[in-house]
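S.K.: Provided below are the primary sequence and the corresponding predicted coordinates.
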Amino acid sequence: MNIACLFAKVGIKMRNFCDLRVMLNKREINFRASQTSRLASFLS
């Protein structure tokens, strides 16, 4: 296996990992936003 192929595979793994983190962050933000709006409607 040559170096370029190895770097390409590592790069794809890293990009997938970053995409996964972004997805998790978006889900967490959406979850907190829904919790906050639920709390706001409960208090109002």
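M.R.: Ah, there it is.

S.K.: so where does Phe31 fall, helix or strand?
M.R.: helix 3-43 (DSSP states H and E).

S.K.: Give the rounded mean pLDDT of that helix.
M.R.: For helix 3-43, mean pLDDT rounds to 91.

S.K.: what about it, distance to the chain center?
M.R.: With C-alpha atoms, centre = their mean, to the nearest Å as the basis, helix 3-43 stands 1 Å off its chain's centre.

S.K.: now stretch 2-13
M.R.: The chain centroid and the centroid of stretch 2-13 are separated by 22 Å under C-alpha atoms, centre = their mean.

S.K.: in that stretch, what's buried?
M.R.: Buried residues in stretch 2-13, counted by 16 or more other C-beta atoms under 10 Å: none are found. In this view, the C-beta of every residue, glycine as well, is placed from N, C-alpha and C.

S.K.: May I have that stretch exported as CSV, CA atoms only?
M.R.: Only the C-alpha atoms of stretch 2-13 are listed here, as CSV (Å, rounded to 0.1, in the frame of the first residue of the first chain):
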residue,chain,number,x,y,z
ASN,A,2,1.4,3.4,-1.0
ILE,A,3,1.5,6.5,1.2
ALA,A,4,-1.0,8.4,-0.9
CYS,A,5,-3.6,5.7,-0.6
LEU,A,6,-3.1,5.5,3.1
PHE,A,7,-3.5,9.2,3.5
ALA,A,8,-6.6,9.1,1.4
LYS,A,9,-8.1,6.4,3.6
VAL,A,10,-7.2,8.3,6.8
GLY,A,11,-8.6,11.5,5.4
ILE,A,12,-11.9,9.9,4.6
LYS,A,13,-12.1,8.5,8.1
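
S.K.: hmm, who's touching it?
M.R.: Taking contacts as C-beta atoms under 8 Å, 6 or more residues apart in numbering, no residue outside stretch 2-13 touches it.

S.K.: Right, I'll call it a day here.
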